[in-house]
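Student: Predicted model, plus sequence, below.
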Amino acid sequence: MGVWRLLPVGVVAAVGVAGAAVAVGGQPARPTATAPFAAVVRVDQVGYARDAAKHAFLMTSAPEGNATFALADARGRAVYTGHIGSSTGAWNSRFPYVYDLDFSGLTRTGTYRIAVNGPVPTGSTPFQVAAASRIYRQPLANARYFYENERDGADFVRTPLRTAPGHLNDAHATSYLTPKTDSDGVFTGDLHPIGKTVDVSGGWWDAGDYLKFVETTSYTVSVMLTGVRSFPAEMGRGAHGADLTAEAKFGLDWLQRMWDAKNQTLYYQVGIGSGNDTTVSDHDIWRLPQADDTYGGGDPSDRYIRHRPAFRAAPAGSLISPNLAGRLASDFALCYQVFKWSDPRYAGRCLRSAEQVFALADTHPKKLLTVIPYDFYPESSWQDDLELGAVNLYQALADGPAPAGLPQTDPLYYLRAAAQWAHAYITGPEDAADSLNLYDVSGLAHYELYRAIGRAGNPGNLEVTRAALLGDIGKQLDAAVKRADADPFRYGFPWGDYDSTSHGFGLSVMASEYASLTGSAKYRTYATRWVDNVLGANAWGTSLVAGDGTTFPNCMQHQVTNIVGSLDGSPPVLAGAVVEGTNGETATGTVPGMRPCPPDGVDTFAPFNGHKAVYQDNVQSYPTVEPAIDLTATSPLAFAWLSLRR
């Protein structure tokens, strides 16, 4: 195995280069002009499942091919050795060599560190190898904690970050017409009230701000309820600290308020992100949520902070944008599946709403409704949303018996509709242009429809076959694998694109789905590897989920966390929050009351930027470190799938 030496626990040393920098505790040391980094090892900081593929990455300024690496246990004993092969590619000018360290053969439970013996010796921070259920138990619990802290209204959860309810005035909000805005969300004049007071209290904040959107909540609830239903031991009532059932119902309660079933009217947004010269908006101020109900006293410019507007999608009985209609139908149909025994009255109400909303879907939209301004969430795909809504309506009715008074009781009606919209998606311009995330749910819808067709006995006269559905999932995964093959870290999504973190989790879910449907190992390894990338096995050596791992975002653009939480990774942190992640850009800009973070302003991750991607742990950089409910949604589902391994 050659000569190698163990390094002190928690230390990554760059040895053999004069003046080389040292990173302590997993946090990169600050580079200087005379002290460049020489080599670092990147690992999944949460850990590796015993029987899963295990990969770490060595980044170095000098070639290390044919060198060796070794793993040592907590007592310093060498337990596994391997040879370093060819470089997977250059990352940037500082690190022109990246190597994949494969130690999949290590299956013994324990805590380990990697030591590299070569021209530039280095080592990793400690990590664990254990049963998958143990590895992902805390990340699953952290995901629930994130949503608890995002709760708005009277029914908040008291935590070290949350001490009071916020936005109680939302219980009697005035409804308004949607104003015309520019691309920044600025509207001219004033809002125009409809003359109706509505209860839009509760719900989760969308992100680091306090706005609430049906666009993102409807997606989040569908993904969350899918996990609660399908993985009861990991995300449901058997999951103890990770049980997301109550959070899913909290999201459903708000959606039921936003959908006025009696008058068949949808309200789609609470609050404004951008005002104008005479109107203060949510994004103009930095404060705790409990301040808003009395913010500014009687100052008229703050009126939409104190009394947040609720925006109506269209007059009563109007057609609904199909992206929202499909996801809401899915939410309410899943509600029936999850709560039909524990709360049959509530479940029946959900199912009636599901059928109402689905029947009102606008199937010839000129432009999708998301939020105002549309540029905040520029969604263009919608057939996949209707497919998801229809297949979950099928599942709800197929479970039987159906509640009385439903307009449609034949489950095959919705199975045919799901197949129709799946075919429309597959043959349409959006096919395989994306993967599972807020903007494309086909990766979830196709999986559910494949299973539903089998459950129905594979009836004829459907517009799509199971083979076509499976092929389309594979088409999206093949595109990700092609990207991974060209990436030094084998990631399946461009590091420089928006929502890079959530796409990694979504691709992992799809890879697990494919393996479950086929029994094939074709993508199984990627299901694990893409989560490894998100949790630290990346160029920056940071987990992109707060609280998961040892190095994670400390300076999120999140008001409560910035004002109340720590700025150094010590408690309290908004554990479980998934941030935007690496991106092609950062941003600057402060608001009065914002605590500077990092306090010294130093960007410790700058030396690792590469491949047209940057990452900045800075409260001003919303493109990299703002968390959101939709970004976090697929993380527990990915963890639940991976937990099924040993």
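Tutor: Right, received. Where do you want to start? Numbering: from 1, shown residues only.
Student: what's around the residue nearest to residue 96 when sequence neighbours are not counted, how many residues?
Tutor: In space, and not counting its chain neighbours, residue 96 is closest to residue 90: 4.3 Å by CB to CB, 6 or more residues apart in numbering. Yep, even glycine has a C-beta here, placed from its N, CA and C like the rest. By the criterion of other CB atoms under 10 Å, residue 90 has 14 neighbours.
Student: what residues are up against residue 90?
Tutor: 96, 97, 98, 488 (CB atoms under 8 Å, 6 or more residues apart in numbering).
Student: quick one: the first one and residue 615, what's the gap?
Tutor: In other words, residue 96. Noted for residue 96: a distance of 19 Å to residue 615, by CB to CB, to the nearest Å.
Student: Show me the contact partners of the helix or strand encompassing residue 419.
Tutor: Element membership of residue 419, judged by DSSP states H and E, is helix 411-426. Contact with helix 411-426 is made by 326, 358, 381, 383-384, 386-387, 390-391, 393-395, 397-398, 400, 408, 431, 442, 445-446, 449, 452-453, 456, 459, 461-464, 468-469, 472, as judged by CB under 8 Å, 6+ apart.
Student: cool, and stretch 175-190?
Tutor: 191-198, 267, 272-276, 279, 281, 309-313, 372-373, 375-376.
Student: So which bits of that stretch are buried?
Tutor: Buried positions in stretch 175-190, judged by neighbour count with 16 or more other CB atoms under 10 Å: 175, 176, 178, 179, 181, 185, 186, 187.
Student: ends of that stretch, how far apart?
Tutor: End-to-end span of stretch 175-190 (CA to CA, to the nearest Å): 13 Å.
Student: repeat for stretch 353-369
Tutor: 19 Å.
Student: just for the protein, where's the confidence low?
Tutor: 1-37, 646 (pLDDT under 70).
Student: Okay, residue 155 and residue 247: tell me how far apart.
Tutor: From residue 155 to residue 247 the distance is 11 Å (CB to CB).
Student: Please apply the same query to residue 97.
Tutor: The value you get for residue 97 to residue 247, if CB to CB is used, is 44 Å.
Student: what about the nearest residue to residue 569 once chain neighbours are set aside, how many residues close to it?
Tutor: Excluding its sequence neighbours, the residue lying closest to residue 569 (CB to CB, 6+ apart) is residue 554, at 5.1 Å. Residue 554 sits with 22 neighbouring residues when counted by other CB under 10 Å.
Student: What helix or strand is residue 554 located in?
Tutor: Assigned by DSSP H and E, residue 554 belongs to neither a helix nor a strand.
Student: Kindly report the same for residue 314.
Tutor: Counting by DSSP H and E, residue 314 is found in no helix or strand.
Student: What is the burial count for it?
Tutor: 17.
Student: Pull the contacting residues for it.
Tutor: Residues in contact with residue 314, defined by CB under 8 Å, 6+ apart, are 265, 266, 320.
Student: Pull out the buried residues from those residues.
Tutor: 265, 266, 320.
Student: In strands, which of those residues appear?
Tutor: Counting by DSSP state E, the buried ones among the contacts of residue 314 place 265, 266 in strands.
Student: got a list of what residue 531 touches?
Tutor: Residue 531 neighbours (CB under 8 Å, 6+ apart): 44, 504, 505, 508, 638, 639, 642.
Student: you'd agree it is in a helix?
Tutor: Yes. Per DSSP: H, G, I helix; E, B strand; the rest coil, residue 531 lies within a helix segment.
Student: roughly how far apart are it and residue 439?
Tutor: 21 Å.
Student: Count the residues that sit near residue 49.
Tutor: The burial count for residue 49: 23, using other CB under 10 Å.
Student: Got phi/psi on the residue nearest to it when sequence neighbours are not counted?
Tutor: Of all residues not flanking residue 49 in the chain, residue 132 sits nearest, at 3.7 Å (CB to CB, 6+ apart). Per-residue torsions, residue 132: phi -60, psi -40 (degrees, to the nearest 10).
Student: for the closest residue to residue 74 other than its chain neighbours, what are its contacts?
Tutor: Using CB to CB, 6+ apart and skipping the chain neighbours, the partner closest in space to residue 74 is residue 111 (4.6 Å). Residues near residue 111 by CB under 8 Å, 6+ apart: 73, 74, 126, 127, 128, 129.
Student: Distance from the helix or strand hosting the last one to the middle of the chain?
Tutor: This points to residue 129. Residue 129 is part of strand 127-130, with elements assigned from DSSP H and E. Offset of strand 127-130 from its chain centre (CA atoms, centre = their mean, to the nearest Å): 24 Å.
Student: and if you look at stretch 484-499?
Tutor: With CA atoms, centre = their mean, you get 16 Å for stretch 484-499.
Student: which residues sit against that stretch?
Tutor: Everything outside stretch 484-499 that qualifies as a contact, by CB under 8 Å, 6+ apart, is 42, 55, 57, 87-91, 98, 100, 435, 437-438, 477, 480-481, 483, 500, 503-504, 507, 526, 529-530, 533, 537-539, 580-584, 611-614, 623, 631.
Student: Serialize the contacts of residue 531 to a markdown table and add fields for secondary structure and distance to residue 222.
Tutor: Putting these into a markdown table (DSSP: H, G, I helix; E, B strand; the rest coil; distance: CB to CB, whole Å) gives the following:
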| residue | secondary structure | distance to residue 222 |
| --- | --- | --- |
| 44 | coil | 28 |
| 504 | helix | 19 |
| 505 | helix | 15 |
| 508 | helix | 18 |
| 638 | helix | 15 |
| 639 | helix | 17 |
| 642 | helix | 20 |
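Student: quick one: the strands in the stretch 201-350 of the chain?
Tutor: For the stretch 201-350 of the chain, the strands defined by DSSP state E, counting those that start in this stretch occupy 212-213, 259-260, 265-270, 310-312.
Student: Looking at those, spot the one closest to residue 574.
Tutor: Residue 574 lies closest to strand 212-213 among the strands of the stretch 201-350 of the chain, at 17.8 Å (CB to CB).
Student: quick revisit: give me the more crowded residue out of residue 155 and residue 247.
Tutor: residue 247 (26 against 12).
Student: Can you tell me, leaving aside adjacent residues, what's nearest to that one?
Tutor: Spatial nearest neighbour of residue 247, excluding adjacent residues (CB to CB, 6+ apart): residue 147 at 4.5 Å.
Student: Over to residue 362?
Tutor: Using CB to CB, 6+ apart, the closest residue to residue 362 is residue 319 (3.7 Å).
Student: Roughly how far does that neighbour sit from residue 618?
Tutor: The value you get for residue 319 to residue 618, if CB to CB is used, is 43 Å.
Student: okay, the two: which has more neighbours?
Tutor: Set residue 319 next to residue 618 and count neighbours by other CB under 10 Å: residue 618 wins out with 24 against 15.
Student: Okay, and which of the contacts of helix 411-426 map to helices?
Tutor: 326, 358, 383-384, 386-387, 390-391, 393-395, 397-398, 442, 445-446, 449, 452-453, 468-469, 472 (DSSP state H).
Student: Would you give the sheet partners of the biggest strand by length in the chain, along with the direction of each?
Tutor: Using DSSP E to define each element, the chain has its longest strand at strand 110-117. Partners of strand 110-117 in the sheet, by DSSP bridges, are strand 68-72 (antiparallel), strand 122-123 (antiparallel), strand 127-130 (antiparallel).
Student: Next secondary structure element downstream of the longest one?
Tutor: Tracing the chain past strand 68-72, the next element assigned as helix or strand by DSSP H and E is strand 78-83.
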